[in-house]
Structure formats: structure tokens, C-alpha cells
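In: only geometry, no sequence info:
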């Protein structure tokens with residue numbers, strides 16, 4: 001099958017496009033408003049962009065009236081935010097934080113999560129999360145939508161501090177992802193968790209050239 005995503009003439013009960021680029025890591029983002037009210041929300045349009053220096057991005061759609069989400073406003077006004085890794089143990093709390101729309105409610109407190117102090121930013125970390133990245137605001141890119149609600153604001157932030165719970169660092173000095181069990185977003189209302197990892201070694205330049213040399 002094929003279909004035009006601007007028309008959505010796929011004939012299926014639900015649009016499958018978000019179920020094709022998967023799994024997508026969840027950006028569980030904490031921020032604070034200019035008035036000092038905390039906010040915590042998960043975003044499935046989230047990923048790393050670079051590593052030296054490290055930049056990451058979140059992309060947030062608008063509210064039903066076309067106004068910016070609280071997370072976007074908070075980051076643009078204060079210049080700071082924190083990425084908290086969501087895993088199997090925090091999955092229910094993560095979901096709970098997605099349903100609160102009142103900007104006067106601090107989702108972290110409302111959902112029984114523990115705020116922890118960062119080192120470079122004033123935004124609190126979710127203590128229960130296995131890893132965190134403190135970020136400073138870099139820029140916003142507005143992505144046009146077919147209606148006011150589908151306009152997205154892509155926030156890019158620079159990572160200025162990384163936190164990893166020592167319980168998840170193995171004796172080999174590598175982060176034990178299978179022990180963390182991070183969760184990721186699939187399509188529809190589905191999620192998955194990382195429980196199995198495999199490695200594939202990249203070939204060196206010499207290894208790539210060997211068959212060609214032998215053929216001659």
C-alpha cells in the first residue's frame with residue numbers, strides 16, 4: 001500500500017505513520033515557568049542531535065487553541081530544562097504526567113515523584129529516573145502544521161551536565177541498558193522496553209579493501 005500523508009488516504013482505522021519510525025526514545029522533560037511553577041511532561045518526538053558538544057531536541061505540538069505547550073514556553077522564558085530517562089520502573093508515573101494540562105500544577109509533585117537538585121541548572125531532576133541530562137536552551141525551530149494544533153515547536157538544547165545512577169554502570173565501565181530497561185514509544189498507544197542488546201563491529205578500512213585486493 002501507499003498513501004499521501006497530506007491527505008491521509010490510507011483507508012486504515014488509524015494513521016500508521018508514527019508507527020513506522022520506531023522505537024522513539026521518550027523525552028521526559030522537566031522545566032520551570034518564569035513564575036517558578038514546575039512542569040514535567042513526556043515527548044515522543046525526541047532524540048540526540050550531536051555529541052561534541054552534545055545537543056538534543058524535543059518537538060512539541062501546540063495546544064488545541066494553537067498556543068505553545070507549557071514546556072516550550074518555560075524553556076524559552078528561562079533558558080533551561082532537564083531530560084529525565086523514563087524506564088520500566090517509572091513507566092506509570094511517566095504516563096500520569098502526560099495527562100495534566102493545568103499550568104498551575106507541578107506534575108512532579110502531583111504524581112508523587114521526588115525532585116532532585118541539578119548542578120548547572122535550577123530545574124529539578126526526577127530522582128527516580130536512572131539518568132538525566134541538564135540542558136540550556138539553544139534555539140526554537142517552528143514546523144508548520146495543517147491546523148493550529150499540529151504546528152510543532154522543535155526545541156534544541158545543549159547538554160551541560162550528565163547524571164547516571166551508579167547502579168547502572170557495569171564493571172566494564174559501560175552503561176547497562178538492559179538493567180535500566182528504558183522504554184520507548186511505538187505507534188498508537190504502544191510502547192516497548194530495551195531488554196536485549198546485540199553488537200556489530202564496524203569494518204576497518206583495511207578490512208573493506210582486503211576482498212578487492214585479493215580479487216586482483
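Out: Cool, the structure landed. This structure is a prediction, so every number in the text was calculated from the model and none was measured.

In: Show the average pLDDT along stretch 117-137.
Out: Averaged over stretch 117-137, pLDDT sits at 98.

In: If you could redo that for stretch 94-113, that was the one I meant.
Out: For stretch 94-113, mean pLDDT is 95.

In: List the buried residues of it.
Out: Across stretch 94-113, burial judged by 16 or more other C-beta atoms under 10 Å covers 94, 96-97, 100, 106-108, 111, 113. Where C-beta positions appear, they are placed from N, C-alpha and C, glycine not excepted.

In: can you name the two of these that are farthest apart?
Out: 94 and 106 (15.5 Å; C-beta to C-beta).

In: Relative to residue 9, which of the buried residues of stretch 94-113 is nearest.
Out: Closest approach to residue 9 among the buried residues of stretch 94-113 (C-beta to C-beta): residue 94, at 34.0 Å.

In: residues in contact with the closest one?
Out: Contact analysis of residue 94 by C-beta atoms under 8 Å, 6 or more residues apart in numbering lists 26, 28, 42, 86, 183.

In: is it fair to say the second one lies in a strand?
Out: Yes - under DSSP: H, G, I helix; E, B strand; the rest coil, residue 28 sits within a strand.

In: ok, it to residue 99 distance?
Out: For residue 28, the distance to residue 99 equals 14 Å [C-beta to C-beta, to the nearest Å].

In: what sits against the most centrally placed residue in the chain?
Out: Closest residue to the average C-alpha location of the chain: residue 27 at 2.1 Å, with C-alpha atoms, centre = their mean. Residue 27 is in contact with 42-47, 56, 58, 83, counting by C-beta under 8 Å, 6+ apart.

In: excluding its backbone neighbours, what's nearest residue 163?
Out: residue 132 (4.2 Å; C-beta to C-beta, 6 or more residues apart in numbering).

In: For the strand or helix carrying the one you found, name the packing helices and strands.
Out: If you go by DSSP states H and E, residue 132 is part of strand 131-143. Helices and strands touching strand 131-143, as assessed by 3 or more C-beta pairs under 8 Å, 6 or more residues apart in numbering; DSSP states H and E, comprise strand 54-61, helix 70-78, strand 80-84, strand 125-126, strand 152-164.

In: let's see 10 Å
Out: Packing partners of strand 131-143 (3 or more C-beta pairs under 10 Å, 6 or more residues apart in numbering; DSSP states H and E): strand 27-32, strand 54-61, helix 70-78, strand 80-84, strand 125-126, strand 152-164.

In: mind putting the ones you listed in JSON lines, distance to residue 38 included?
Out: Listed next are the helices and strands packed on strand 131-143 as JSON lines, based on distance: least, C-beta to C-beta, whole Å:
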{"stretch": "strand 27-32", "distance to residue 38": "5"}
{"stretch": "strand 54-61", "distance to residue 38": "17"}
{"stretch": "helix 70-78", "distance to residue 38": "9"}
{"stretch": "strand 80-84", "distance to residue 38": "11"}
{"stretch": "strand 125-126", "distance to residue 38": "11"}
{"stretch": "strand 152-164", "distance to residue 38": "17"}
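
In: can you count the residues close to residue 151?
Out: 16 (other C-beta atoms under 10 Å).
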